[in-house]
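# Just a sequence and a predicted model for now, questions to come.
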Amino acid sequence: MGIVVLSGVFILAKSWGLFLTTWVFQILWQVFVILLIILFQKEIRQMLERFNPLKNMGMRHDKISNGWVPEFSRWAFDAAQKRIGAVVIFEKTDPVSDLVTRGIPMECEPLPEILNSIFYKQSPLHDGAILIFNGKISKVSCYLPLSTREDLPQEWGTRHRAALGLSEQCNAWVLIISEERGEVSFAFDNQVKKIKDEKELSFFLETQVFNEKEPEMNIRQVILSWFTKRYKIKAVVFVLVFVLWLVFAGQQNFEKKIELPLVYRNIPESIMVSSPAAINISVTCRGLRKDISLLSKENMMSSLDLASAKRGKLHYNITKANLTLPNERIDIVNISPGRVEIITEKAQKPDIKNKSL
């Protein structure tokens with residue numbers, strides 16, 4: 001809301017010709033954009049990674065379960081029966097590494113023996129979550145962001161809140177094994193679903209987590225999906241790129257041509273300009289976009305000083321010295337005509353006649 005108000009003030013200042021206010025806003029916008037990039041670099045990176053056109057061109061490989069899913073499902077319910085708590089992250093298309101903290105690298109299949117050694121209550125790694133990517137454990141002892149929702153059940157502990165918090169920020173599926181209630185649940189798409197048995201868990205892993213494929217689409221549908229799929233994220237990226245373009249475009253030199261009337265000033269009382277009565281000159285200016293865009297006939301003026309003029313035919317060169325500019329950063333590329341001719345003559349005094357009544 002604050003950005004909208006500031007944008008409105010900037011537009012009003014520019015339309016009313018408040019040059020100092022407009023200049024200050026232009027400088028502040030550049031600083032503001034740089035601060036946004038620095039403060040939200042992680043979020044910007046995530047959005048750019050999500051907006052990846054190569055996903056629709058078959059450049060990403062489908063995840064492979066490697067046949068360990070049945071054993072994993074049996075282990076999950078066996079751990080729940082033994083009241084062993086665990087959190088397992090299944091990474092899908094959205095990157096998870098930037099959302100979790102800590103984490104110890106590991107590369108192995110999630111076999112029951114490995115999982116028991118990780119989540120054993122006396123193990124130093126049992127408090128964190130494990131991350132499974134491409135069918136293998138890639139990290140252990142990961143800490144997840146907690147959900148800030150206030151409508152969650154009171155019986156939910158830290159594991160459920162952490163799993164739901166991660167699912168709110170990406171499309172990963174998070175398996176939760178409750179140590180208190182001996183239940184197995186899946187957190188995905190901002191929701192938590194309780195899994196009733198091993199068969200249902202294997203079904204979700206095989207169909208929703210590992211072998212999820214994009215539906216076949218024709219060319220028209222593919223192109224349309226580029227604009228409609230995750231349109232909110234793409235809109236934010238588009239606005240960000242547009243703002244960056246405005247900032248960098250404002251640093252480039254632009255040219256602008258303005259027609260100005262040549263004003264005579266300091267004309268001696270003894271003479272008058274007989275020809276020409278009015279002269280228009282064309283001025284080509286060059287400068288930064290932010291400066292050139294403000295140029296107009298209202299804030300520029302061209303004048304010719306005739307303080308030393310005498311009667312007769314006179315010639316004057318028109319240079320930058322004859323121009324009044326809003327600031328000194330603007331360069332004059334060309335003035336046409338660059339030389340003018342004027343004719344002066346003796347000023348005519350008013351004829352005052354005394355009329356008799």
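Alright, I've got the coordinates.

# Run through the stretch 251-357 of the chain and note the low-pLDDT ranges.
Counting by pLDDT under 70, the stretch 251-357 of the chain shows low-confidence ranges at 251-252, 349-357.

# Show me the strands in it, by range?
With strands called from DSSP state E, counting those that start in this stretch, the stretch 251-357 of the chain shows them at 253-265, 271-275, 279-288, 301-305, 312-317, 323-324, 331-336, 339-346.

# So which elements touch the third one?
Translated: strand 279-288. Counting contacts by 3 or more Cβ pairs under 8 Å, 6 or more residues apart in numbering; DSSP states H and E, strand 279-288 packs against strand 253-265, strand 331-336, strand 339-346. To be clear about C-beta, it is placed using only N, CA and C from the backbone, and glycine gets the same treatment.

# can you give me the helices in the stretch 151-300 of the chain?
158-167, 198-204, 219-228, 231-249, 289-292 (DSSP state H, counting those that start in this stretch).

# Let me have these in a markdown table, extended by mean neighbour count.
Converted to a markdown table, those look like this (neighbours: other Cβ atoms under 10 Å):
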| stretch | mean neighbour count |
| --- | --- |
| helix 158-167 | 22 |
| helix 198-204 | 17 |
| helix 219-228 | 11 |
| helix 231-249 | 13 |
| helix 289-292 | 19 |
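
# where among those is the average confidence lowest?
For these, the bottom mean pLDDT is recorded on helix 219-228, which sits at a mean of 67.

# Thought residue 343 was touching residue 313, still the case?
Yes. At 5.4 Å, residue 313 counts as touching residue 343 under the criterion of Cβ atoms under 8 Å.

# Settle it for me: which of these two has more neighbours?
residue 343 (12 against 9; other Cβ atoms under 10 Å).

# got a list of what the more buried one touches?
Listed by Cβ atoms under 8 Å, 6 or more residues apart in numbering, the contact partners of residue 343 are 273, 274, 275, 312, 313, 314.

# Now it. Nearest residue, chain neighbours left out?
residue 275 (4.4 Å; Cβ to Cβ, 6 or more residues apart in numbering).

# Surely that neighbour and residue 345 touch.
No. Look at residue 275 against residue 345 with Cβ under 8 Å: they stay out of range, at 9.0 Å.

# Nearest the geometric middle of this protein, what residue?
Centroid-nearest residue in the chain, with Cα atoms, centre = their mean: residue 240, separated by 2.0 Å.

# Count residues in the vicinity of the residue nearest to it when sequence neighbours are not counted, would you?
Nearest residue to residue 240 in three dimensions, chain neighbours excluded: residue 44, at 6.8 Å (Cβ to Cβ, 6+ apart). By other Cβ under 10 Å, 15 other residues sit near residue 44.
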